[in-house]
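[1] Structure, please.
(one chain, ligands or ions: 1)
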Amino acid sequence: MNVCVIGTGYVGLVTGAVFADLGNEVYCVDNDKRKIEMLNRGEMPIYEPGLKEMVRRNVEDGRLFFFTSVAKGMKSAKVIFIAVGTPSRANGETDLSAVAAVAKDIALHLDDYKIIVNKSTAPVGTGNFVRNVIEKYQRTNVEFDVVSNPEFLKEGCAIADCLYPDRIVIGVSNHHVAMALLELYAPLERPMLITDVESAEVIKYASNAFLATKISFINFIANLCEKAGADVSLVAKGMGYDSRIGKDFLQAGLGYGGSCFPKDTLSLLHTARNFREDTSLLEAVVKINQERVPKFVGRIEQKLNPIKGKVVGVLGLAFKPNTDDLRDAKSLEIINNLLKKKAIIRVYDPVAMENASTILKNVTFCKNAYEVAHGADALVIVTDWNEFKLLNLEKLRQEMRKPYLFDGRNIYNKERAERAGFEYFCIGKR
Ligand code: UDX
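    Okay, here's the model as predicted:
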């Protein structure tokens, strides 16, 4: 099938590459000329394990193309995916201006039947919104269908999530259009759910908000464990054995960050308020998440008192491992908080240093974890990269001026850290 994907961010680029790898002819479009030039040179604008190789293979085999023009990209495509950014406005509302601009562009070049699929995370009602924009601007009276097909991929394992999704949700308004999408996804041999457009749109937000709720719930339990002398890791394990609860997304820590959960929970809150629904449950989820960093920094401050002039080493900048994404990263919140208190900051991340250098000022970028630890009064683990789990703790301690280790992701064992000479602080246990 010939497919056009508009937007080459995490969702668009990975989706396009995977569709090409399944044997389709895929035209990826982005209005960012620099990105398209990079992609045409075989360079990736984002870090995602396995993506570069997949893109190169499909470009070489003549199945994957990159354009800046929507007209060119959609010309011979049967299905057009919209996968552009849907950021939050200050009030939590989703900003649909990029979706609207793409819909208008599609309308202006629509000269035969197309299936227009929204993959961008956008609130319930966006399918209708896209339809209205296209109807307003289309120049020829041709038929089209609008579908909602939310993406559930996680950064860092986006290709595997795209190839082996837990489910494929297809929100359609008629049977005929569902068949085309079923055909496209059939090679994956994964469970497919056909719904109406609105239900598909809600499924995406409900899923992300539910996962965010799990994280905030375990962080609430972590607070309780610290006071009661319990161990949140054991509590999560004990809960996770119950198949109704499940063991995933019960990792207590600094809370959820990234490009999805913070914005999607706020967007769902906004939608619910618009429908005059009681939002107290979701408000609590957001509040618990927002309190994670101030609470963590409070503990650092208690120990280093005063923070002013103290050297704090930060390990991990990306919002989670295996990505270079810093959007809503807890590292930025922690660093800015510590900088305000006049700490001296040294940082290292295995892949997010380049991105961080454009955002973070007044910090020292180091070559590795040991350099970060050099002369530090405290070391803070912010992202649970695997390479941090395997550090030589004795060597790390020797580099430091003071022995304080604040583990925001519970990656070390307390006894092990203490044996290496650290005074160790973690989440949800004494
Ligand atoms: C998320 C959803 O998982 C994915 O389905 C959706 O398509 C996009 O949003 P992503 O943001 O890439 O994916 O990362 P994810 O692995 O879900 O982690 C989100 C945040 O939650 C990270 O900051 C992570 O550190 C945090 N987290 C996750 C926890 O604090 N505890 C956990 O147990 C799991």
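
[2] Residues in contact with whichever strand or helix holds Val235: which ones?
    Using DSSP states H and E, Val235 falls within helix 232-240. Helix 232-240 has contacts (C-beta atoms under 8 Å, 6 or more residues apart in numbering) with 218, 221-222, 225, 245-248, 250-252, 410, 427-429. Quick note: C-beta positions are derived from backbone N, CA and C, even for glycine.

[3] Ok, stretch 96-112 next?
    In contact with stretch 96-112 (C-beta under 8 Å, 6+ apart) are residues 6-7, 70-71, 74-75, 80, 82, 84-86, 114, 116, 118, 120, 122, 126, 129-130, 133-140, 142, 144.

[4] Among the residues you listed, which ones are in helices?
    70-71, 74, 126, 129-130, 133-137 (DSSP state H).

[5] and of those residues, the nearest to Leu268?
    Nearest to Leu268 out of those is Thr126 (C-beta to C-beta; 13.3 Å).

[6] Up against the ligand, what does the stretch 101-250 of the chain have?
    151-155, 208, 211, 215, 249-250 (C-beta under 6 Å from any ligand atom).

[7] do the stretch 251-400 of the chain as well
    Going by C-beta under 6 Å from any ligand atom, the residues of the stretch 251-400 of the chain near the ligand are 251, 253, 255-258, 260-261, 319-320.

[8] Narrow those residues to those in helices?
    Phe261.

[9] Including pLDDT, could the residues of the stretch 251-400 of the chain next to the ligand go into CSV?
    Below are those laid out as CSV (pLDDT from 0 to 100):
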residue, pLDDT
Gln251, 98
Gly253, 98
Gly255, 97
Tyr256, 98
Gly257, 97
Gly258, 95
Cys260, 94
Phe261, 96
Phe319, 97
Lys320, 95
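
[10] hmm, which of the residues of the stretch 251-400 of the chain next to the ligand are the buried ones?
    Buried members of those, scored by 16 or more other C-beta atoms under 10 Å, are 251, 253, 255-258, 260-261, 319-320.

[11] what number of residues lie near the closest residue to Val285 other than its chain neighbours?
    Excluding its sequence neighbours, the residue lying closest to Val285 (C-beta to C-beta, 6 or more residues apart in numbering) is Ser216, at 4.3 Å. Ser216 has 24 neighbours, counted by other C-beta atoms under 10 Å.

[12] which stretches of the stretch 201-350 of the chain form strands?
    311-315, 344-348 (DSSP state E, counting those that start in this stretch).

[13] related to what we said a few turns ago, in PyMOL, select just the buried ones from the contacts of helix 232-240.
    This is the PyMOL syntax for the buried subset of the contacts of helix 232-240, where burial follows 16+ other C-beta under 10 Å:
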select buried, resi 218+221+222+225+250+251+252+410+427+428+429
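
[14] Tell me the one among the contacts of helix 232-240 nearest to the ligand.
    Minimum distance to the ligand across the contacts of helix 232-240 is 3.2 Å, recorded for Gln251 (C-beta to the nearest ligand atom).

[15] Report the contact partners of that closest one.
    215, 218, 236, 409-410.

[16] Could you do Val202 as well?
    Taking C-beta under 8 Å, 6+ apart, we find Val202 in contact with Val124.

[17] how far away is it from Leu268?
    Using C-beta to C-beta, to the nearest Å, Val202 is found at 9 Å from Leu268.

[18] And Asn31, by the same measure?
    The gap separating Asn31 from Leu268 is 28 Å, by C-beta to C-beta.

[19] Which one of these two is surrounded by more residues?
    The neighbour count for Asn31 versus Leu268, taken as other C-beta under 10 Å, is higher for Leu268 (25 against 17).

[20] Just the buried ones from the contacts of stretch 96-112, in ChimeraX syntax?
    Here is the ChimeraX command that selects the buried residues among the contacts of stretch 96-112 (16+ other C-beta under 10 Å):
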select :6,7,70,74,80,82,84,86,114,116,118,120,122,126,129,130,133,134,138,144
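
[21] elements contacting the host helix or strand of Leu13?
    Using DSSP H and E, Leu13 maps to helix 10-21. Helices and strands touching helix 10-21, by 3 or more C-beta pairs under 8 Å, 6 or more residues apart in numbering; DSSP states H and E, are strand 2-6, strand 25-29, helix 51-60, strand 64-67, strand 79-82, helix 158-163.

[22] if you average pLDDT over that helix, what comes out?
    Averaging pLDDT along helix 10-21 yields 97.

[23] Give me the contact status of that helix with the ligand.
    No - applying C-beta under 6 Å from any ligand atom, one finds helix 10-21 separated from the ligand by no less than 7.7 Å.

[24] can you list contacts of that helix?
    With contacts defined as C-beta under 8 Å, 6+ apart, helix 10-21 is touched by 3, 5-6, 8, 26, 28, 30, 39, 44-46, 48, 51, 54-55, 57-58, 63-64, 81, 83-84, 119-120, 151, 153, 155, 158-159, 162-163, 184, 259, 325.

[25] out of those residues, which are buried?
    Among these, those classed as buried by 16+ other C-beta under 10 Å are 3, 5-6, 8, 26, 28, 30, 39, 44-46, 48, 51, 54-55, 58, 63-64, 81, 83-84, 119-120, 151, 153, 155, 158-159, 162-163, 184, 259, 325.
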